[in-house]
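Q: just a sequence and a predicted model for now, questions to come.
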Amino acid sequence: MDEIAFGTDGWRATLDTFTDERVRVVGQAVADYLRAAGHAGETVAVGYDARDTSRGFAESLCDVLTANGFDCLLPERDTPTPVVAWTVRDRGLAGALMVTASHNPPEYNGVKFVPETGAPALPEVTEQVEANLREPDSLPESEHGTTTEADLVGPYLEHALDVVGDFGLAGATVAYDAMHGSGRGVTDRLLERAGADVVRLRCDHDPTFGGTSPEPTGERLGDLVDTVVDGPADIGIANDGDADRIGVVTPERGYLDPNRYFAATYDHLLESDDGDAVRTVSTTFLVDRVATAHGAAVHETAVGFKWVAEAMREHDALLGGEESGGFGLRGHLPNKDGVLFALVTAVAEAEEPFDARVDRVLADHGEVVQDRVSVDCPDDRKEAVLAALEEEIPDSVAGSPVDRVVTVDGFKLLLADGSWLLVRPSGTEPKLRVYAEAESEKRVKAVLAEGRSLVEPLV
């Protein structure tokens, strides 16, 4: 049980650690939590991604939950995390367990707990689940629940079409790369239902994800870039393994930096709606500039979409997002959803090409460049390093005075010239993340280099 810990977004581990025995322990912990929260005997969704082991782990979770008197709703096929989370909200379920390691490579698996809100579980919830970890127990057989298989995708697609509306996608060609993940047959189907012609890439089921990580970053989307830059598509869209994140490719830029995507998408949404934005501490200030131009505000959170979702609810924000490609929309679900944002993206492209919109946003609000590096740091050293860093905060970084230090998540140094440096611990790896943002690539490199030299001696 010491091997089970819920990090930034659930528990993930390699398959030598992520065993059926431990998965059943998690199932019992969630059953105990739900019972204590007043949900005894209610229905729990148990979703799973496209990994070879995921369906079996999901069935084991159903075994434990039904033995504890809960009914289980099991998808007919591997299903995106946002579809499962939306089903919790739509059907008024007690919650959900989702078996997925998201964008991690195939030798990993994981499990997320989704409360009745459909939002990511906050630490106050996962800490209670962790406190409940114990060997599975069972009620008398007469009190057992049942497992029912159902199509979760069909109802979700109808909802997504209603949320976005007014598609204007007739004649539009969208290239979609599922990266062999659970978005295949879901995101592409949604785009076609909205009227787009879809060019499919890696939309076959391959539980090894082609031998790589199903993470929609520029270096992993070469074929999608070729299809958009040199081929027939107007825009390219990719999802990660469980389709809660999105990657976007445009004809002129190729892979579109998620920070610029965030700012441009917010700009698009503000043309027909209003509302604040929520972003993580590691996400671009370009979003803030777009908000200010529209009389809106931006709310900054720690890294992790659970914090974004909480702030979106608190401030009734129109859009929430993070620089890793996860985005949530008001009126849909307090969670990130790469499926819905595929449709949002295609509709935005049809109204004004993303390249033109990004050009206009940068012309109106100034150039912004961001980058990051990672510094190896054992998990048991992170707290001590950050404590030492607090005593070593410099008066200036790369020649610019430090105006203010933000401690929402690690240490973010806001500099007088408008650039910033952030040092924070990774929630998933034994590393410290060092980020920098400035008006030019040269300036970013200078700030980033100074940030690395500040941190490395402390590890």
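A: Noted; the coordinates are in hand. Residues are numbered from 1 along each chain as shown.

Q: residues of the helix or strand hosting Lys442 that come out buried?
A: If you go by DSSP states H and E, Lys442 is part of helix 441-455. Buried residues in helix 441-455, counted by 16 or more other Cβ atoms under 10 Å: 443-444, 446-448, 450-452, 454-455. Heads up, the C-betas are built off the backbone N, CA and C, glycines and all.

Q: need the residues that contact it.
A: 369-373, 375, 385, 389, 392, 394, 397-399, 415, 417, 419-421, 423, 432, 434-438 (Cβ atoms under 8 Å, 6 or more residues apart in numbering).

Q: pretty sure Gly247 sits in a helix.
A: No: under DSSP: H, G, I helix; E, B strand; the rest coil, Gly247 sits outside any helix and is assigned strand.

Q: then Tyr435 would be within a strand, right?
A: Yes: with three-state DSSP as the criterion, Tyr435 is located in a strand.

Q: and for it, the neighbour number?
A: 24 (other Cβ atoms under 10 Å).

Q: circling back to that earlier point, among the contacts of helix 441-455, name the ones in helices.
A: Judged by DSSP state H, the subset of the contacts of helix 441-455 located in helices is 385, 389.

Q: out of the contacts of helix 441-455, which end up buried?
A: Buried, going by 16+ other Cβ under 10 Å: 369-370, 372, 375, 385, 389, 397-398, 415, 419-421, 423, 432, 434-438, out of those.

Q: how about the buried residues of helix 441-455 in a markdown table, adding distance to Ser60 and pLDDT?
A: Shown next, in a markdown table, are the buried residues of helix 441-455 (distance: Cβ to Cβ, whole Å; pLDDT from 0 to 100):
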| residue | distance to Ser60 | pLDDT |
| --- | --- | --- |
| Arg443 | 52 | 97 |
| Val444 | 46 | 97 |
| Ala446 | 52 | 97 |
| Val447 | 48 | 98 |
| Leu448 | 44 | 97 |
| Glu450 | 49 | 96 |
| Gly451 | 44 | 96 |
| Arg452 | 43 | 96 |
| Leu454 | 46 | 95 |
| Val455 | 41 | 96 |
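
Q: reformat the residues you listed as TSV; add distance to Tyr108.
A: Formatted as TSV, the buried residues of helix 441-455 follow (distance: Cβ to Cβ, whole Å):
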residue	distance to Tyr108
Arg443	36
Val444	31
Ala446	36
Val447	33
Leu448	29
Glu450	34
Gly451	29
Arg452	28
Leu454	32
Val455	27
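
Q: which residues of the stretch 1-150 of the chain score low on pLDDT?
A: 8 (pLDDT under 70).

Q: how about 50 then?
A: Residues of the stretch 1-150 of the chain meeting the criterion pLDDT under 50: none.

Q: how about the strands in it?
A: 11-14, 43-48, 71-75, 95-99, 108-115, 147-150 (DSSP state E, counting those that start in this stretch).

Q: so which of these comes closest to His299?
A: In terms of Cβ to Cβ, the element of the strands of the stretch 1-150 of the chain nearest to His299 is strand 108-115, at 21.4 Å.

Q: report the buried residues of the closest one.
A: Buried residues in strand 108-115 (16+ other Cβ under 10 Å): 108-115.

Q: now those as JSON lines including distance to Ala178?
A: Below are the buried residues of strand 108-115 laid out as JSON lines (distance: Cβ to Cβ, whole Å):
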{"residue": "Tyr108", "distance to Ala178": "18"}
{"residue": "Asn109", "distance to Ala178": "19"}
{"residue": "Gly110", "distance to Ala178": "19"}
{"residue": "Val111", "distance to Ala178": "22"}
{"residue": "Lys112", "distance to Ala178": "20"}
{"residue": "Phe113", "distance to Ala178": "25"}
{"residue": "Val114", "distance to Ala178": "22"}
{"residue": "Pro115", "distance to Ala178": "28"}
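
Q: out of these, the closest to Val347 would be?
A: Val114 (26.9 Å).

Q: domain map for the protein?
A: Per automatic domain parsing, the domain ranges recorded for the chain read 11-151, 155-365, 369-458.

Q: which stretch among these comes nearest Met1?
A: Using Cβ to Cβ, these put domain 11-151 closest to Met1, at 4.6 Å.

Q: quick one: Thr173 and Glu192 touch, right?
A: No: contact criterion Cβ atoms under 8 Å: Thr173 and Glu192 do not qualify, at 11.3 Å.

Q: name the residues contacting each of the two.
A: Counting by Cβ under 8 Å, 6+ apart, the common neighbours of Thr173 and Glu192 are Val198.

Q: which one's more surrounded, the two?
A: Looking at Thr173 and Glu192 with other Cβ under 10 Å, you find the greater number of neighbours at Thr173, namely 18 against 15.

Q: got phi/psi on the more buried one?
A: Torsion angles at Thr173 (phi, psi; degrees, to the nearest 10) stand at phi -120, psi 120.

Q: go on, Asn335?
A: Dihedral pair for Asn335: phi -160, psi 160, per degrees, to the nearest 10.

Q: what's the closest non-adjacent residue to His294?
A: For His294, ignoring the flanking residues on the chain, the nearest one in space by Cβ to Cβ, 6 or more residues apart in numbering is Leu270 at 4.8 Å.
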